[in-house]
Structure formats: structure tokens, C-alpha cells
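Undergrad: What follows is a predicted structure for the sequence shown.
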Amino acid sequence: MAGDFDPIEDGPPRLPSPEARRFRVDFGLMFIASLSLSAGIAVWITQGPGTFFHLLWGDTAMILSLLPKIFGGILLAIALAMILPRDRVLRLVGPDSGLRGLVIASGAGAVVPGGPHVTYPLAMGLMRAGADAGAGTAMVSGWVLLGLNRVLIWELSFLPGWLVALRLVLTLWVPVVVGQMARVWARRSPVPDDAHQGRQR
Amino acid sequence: MNVIIGTVLIWGAALALLRHIARVDRAKLPEVWRAARATFLVMLPRTVIGLSGASFMAALLPRGRMAALFGPERGITGILLATVVGAATPGGPMVALALSATALKDGAGTGALLAYLTSWSIISQTRTLGSELALMGPTFLIRRLILSAPVPVMIGLSSQAIDAVW
């Protein structure tokens, strides 16, 4: 009889499942789209169609060259979040993982390569598998502030080493502290699972 | 070249994981595939729009004038200004770091420069409003931004102090 068995509740650890939001146009997408459109029109007007198309073709080539990496990154993050056993995730970066959990999450954010297409799906997957909002926040903060990939490939080719080192040393504590504050906040008022509301809708 | 190396490394790791999953529990593979495809479809329009928008915006930014906004003599004002400029800088590392390099050459202060980089790292609108909002949800994003808001100014002030001692 239907209702006796809920494959979602009783099945294996739930995976990130944003498919219901697939084409959902949220505020962010709308904002970015209108900003990009206005910027495109402004480039066309102020710098001529030549520049406009030059930029557009450059972007198209870049996006096409990035697509395989993006899909591979997503696949990697989702597979990784899936094979990590829930009890282990809970112990490592769950709500009771303490300072150690936040340090682990920040460090993971800093060393995981691949940019937004790996870090966000991975953080999302870990949070589904038992990581708390504090660890998720520490991980995203660790990536945006301390991401090794960006430091090595980008910062050091543009800026002198002492400046990059100073920035890293001064920023080292931030992901853990921001993560701890997010954890305390989530304890008082939980972060709704709003990235996955598609399932309930 | 970086893209190719990155792609090969990521696919290598992904395939190794998938092989592991196939050995341990083959039934999970379709689920991994379905979730990856769904996430990819969420990210795709956001990536395309974000990347092309960022390069249009970069073409419009008055880099020289923006860089001149944070000279060394401006102190806390320069740091606050740099924080705002950082929050307004779109796109990936290319734009923000090129702007930082210009600012540094023009004699920008260490405090303002690090406040700028930190603020851009935390906010980078095309990334947060595109991917983070869609994947992590609004509450997660808003809380992260609120909690991180004082950080650029703190980094700017402390690096300025260190610079003054040196």
C-alpha cells in the first residue's frame, strides 16, 4: 500500500536534488541577467558592435572550454558527498564537531580545486549528509578567502608575494570565526533547507 | 592550458570515485548521474550569463579611476571606499586582480588594497547571486554575507597598522 514505504525517507542518504528549480528564475538570476544585458547594451553603445562581438565570442569560447570541467566538478562533488558515510560526516563536520570541525571545513574549502562548480555542490552535498550550516559557511568562506587554487594561479601572477602572504596570514582566522558565528546562529534559528524546497513544492 | 590540466584532474578524480561507487553499490550510479545533471542544469544558465555579463562590465569599468580611489593617504576612508569598490567588482579573479595590480602601481595603500581584495572575495556578485543563491539558498547566503561584512575593514585596518610599523 502506498504510504507504508517512503523511498525518500528510507532510502540511501538523500542527494542534492535541485531539479525542481532547474529553470526556476530566482531573484539572483534575474538580477544578473538584467545587469549583464544592460552592460552588453552599454558596451555596444559606447564601444561599438565590434568590441561587443569580440567580447561575446571570447566569452563563448571560454564557456565552451569550461563546460567539461564544470560538469566533471559537479559529478565529483556529488559522488564524493554520496560515498562519505553519514556517521563520519557527522563526526567530522556535524553540529557537534566543535572547533576542529570548523577548521577541517575551512581547510577543505581552501584546498578543494575547481571553483564554484565543485565547492558549492560539495558543500551542499556535505550539508545533506550531516554537516551543519556552520561547517558549510566555514567551507565556503575558506574557499573564497583562502582558496589555494586562486592564490597560486592568480594572485601570485598579479601581486607581489609579500602582499599575498600578508593577506593570507591576516585572513587565516576568518572562515573558522564566521563559521562559528553561523553555527551559533543556526542553533538559535535553523537555516531552512531552502535550497531544496523543490522537493516539497 | 590551466583549463585542460584542471579538466583532466577533475575528471580523473570523478571517474575514480564513480568506479568506487560502481564496485560498492552499483544501484547508486543512476542517482549520482541524475543529481549531477540536475545541478549542472541549474548552474549552466547562471554560468553563461554571469561570465558574459562580467566581461561586459569589466570593459565598462573605469579601472584607472577606480584604482585611484584608494590611495595610501586616505586611511580609513580609503579602506571603506575600497571595500565598496570591491563589493561592486563583478566576475572572476582576472578583473579584480588586474585592478589591484593597477592600484598598487599607482601607489595604493596596503590597507585599502587588502580591504578591496577581501571584499571582492566575499561578495563577488556574479558568483554569489548566480550560483550560491541557487544552490545554497537565500538564508545561507544572507547569513554568510552579514557575518562576513566587517571582515574587509578589519583586514584593511590591521594590514595598514602592520604596514605602518614596517
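TA: Structure's in. What do you need?
Undergrad: State which one residue of chain B is found closest to chain A.
TA: residue B:53 (2.5 Å; Cβ to the nearest Cβ). Just so you know, the C-beta spots here come from the backbone N, C-alpha and C atoms, and that holds for glycine as well.
Undergrad: isn't that residue right next to residue A:42, touching?
TA: No: assessed by Cβ atoms under 8 Å, residue B:53 is found out of contact with residue A:42, at 11.2 Å.
Undergrad: Between these two, which has more neighbouring residues?
TA: Neighbour count, other Cβ atoms under 10 Å in any protein chain shown: between residue B:53 and residue A:42, residue B:53 has more, with 25 against 15.
Undergrad: follow-up on the earlier one: contacts only, for the residue of chain B closest to chain A.
TA: Residue B:53 makes contact with A:32-33, A:35-37, A:39-40, B:90-91, B:126, according to Cβ atoms under 8 Å, 6 or more residues apart in numbering or on different chains.
Undergrad: can you list the residues you listed in JSON lines and add secondary structure and pLDDT?
TA: JSON lines is the format used below for the contacts of residue B:53 (DSSP: H, G, I helix; E, B strand; the rest coil; pLDDT from 0 to 100):
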{"residue": "A:32", "secondary structure": "helix", "pLDDT": "84"}
{"residue": "A:33", "secondary structure": "helix", "pLDDT": "89"}
{"residue": "A:35", "secondary structure": "helix", "pLDDT": "87"}
{"residue": "A:36", "secondary structure": "helix", "pLDDT": "90"}
{"residue": "A:37", "secondary structure": "helix", "pLDDT": "93"}
{"residue": "A:39", "secondary structure": "helix", "pLDDT": "91"}
{"residue": "A:40", "secondary structure": "helix", "pLDDT": "94"}
{"residue": "B:90", "secondary structure": "coil", "pLDDT": "79"}
{"residue": "B:91", "secondary structure": "coil", "pLDDT": "74"}
{"residue": "B:126", "secondary structure": "helix", "pLDDT": "77"}
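Undergrad: List only buried entries from those residues.
TA: A:32-33, A:35-36, A:39-40, B:90-91, B:126 (16 or more other Cβ atoms under 10 Å in any protein chain shown).
Undergrad: Just the pLDDT for the closest residue to residue A:176 other than its chain neighbours.
TA: Nearest residue to residue A:176, sequence neighbours excluded (Cβ to Cβ, 6 or more residues apart in numbering or on different chains): residue A:102, at 4.7 Å. On pLDDT, residue A:102 comes in at 97.
Undergrad: Same check on residue B:4?
TA: At residue B:4, pLDDT is 84.
Undergrad: Please point out which parts of the lowest-mean-pLDDT helix or strand in chain B sit buried.
TA: Least confident element among the helices and strands of chain B, by mean pLDDT, DSSP states H and E: helix B:63-68 (a mean of 72). Using 16+ other Cβ under 10 Å as the test for burial, helix B:63-68 gives B:66-67.
Undergrad: Show me which pair in the buried ones among the contacts of residue B:53 is furthest apart.
TA: A:33 and B:91 (14.9 Å; Cβ to Cβ).
Undergrad: residues making contact with the helix or strand in which residue A:157 is found?
TA: Using DSSP states H and E, residue A:157 sits in helix A:156-158. Helix A:156-158 has contacts (Cβ under 8 Å, 6+ apart) with A:164, B:97-98, B:100-101.
Undergrad: Enumerate every residue touching whatever residue of chain A ends up closest to chain B.
TA: Residue nearest to chain B within chain A: residue A:36 (2.5 Å; Cβ to the nearest Cβ). By Cβ under 8 Å, 6+ apart, the contact list for residue A:36 reads B:49-50, B:52-54, B:56-57.
Undergrad: Which one (most neighbours) among those?
TA: residue B:50 (29 neighbours).
Undergrad: Give me the distance between it and residue A:27.
TA: 14 Å (Cβ to Cβ, to the nearest Å).
Undergrad: tell me the contacts of the residue nearest to residue A:176?
TA: With Cβ under 8 Å, 6+ apart, residue A:102 has these contacts: A:134-135, A:138, A:175-176, A:179-180, A:183.
Undergrad: at 7 Å what do you get?
TA: Taking Cβ atoms under 7 Å, 6 or more residues apart in numbering or on different chains as the criterion, residue A:102 is in contact with A:134-135, A:138, A:176, A:179-180.
Undergrad: and the helix or strand hosting residue B:44, what's its mean pLDDT?
TA: Element membership for residue B:44 (DSSP H and E) is helix B:29-60. For helix B:29-60, mean pLDDT is 88.
Undergrad: Alpha carbons only: can I get stretch B:77-91 in CSV?
TA: This file holds the C-alpha atoms of stretch B:77-91, laid out as CSV (Å, rounded to 0.1, in the frame of the first residue of the first chain):
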residue,chain,number,x,y,z
THR,B,77,38.2,56.4,4.3
GLY,B,78,40.3,54.7,1.6
ILE,B,79,39.6,51.4,3.3
LEU,B,80,35.9,51.9,3.4
LEU,B,81,35.9,53.1,-0.2
ALA,B,82,38.0,50.1,-1.3
THR,B,83,35.5,47.8,0.5
VAL,B,84,32.6,49.3,-1.5
VAL,B,85,34.5,49.1,-4.8
GLY,B,86,35.4,45.5,-4.0
ALA,B,87,31.8,44.7,-3.4
ALA,B,88,30.9,46.3,-6.8
THR,B,89,33.6,44.5,-8.8
PRO,B,90,32.0,41.7,-10.9
GLY,B,91,33.3,38.4,-12.1
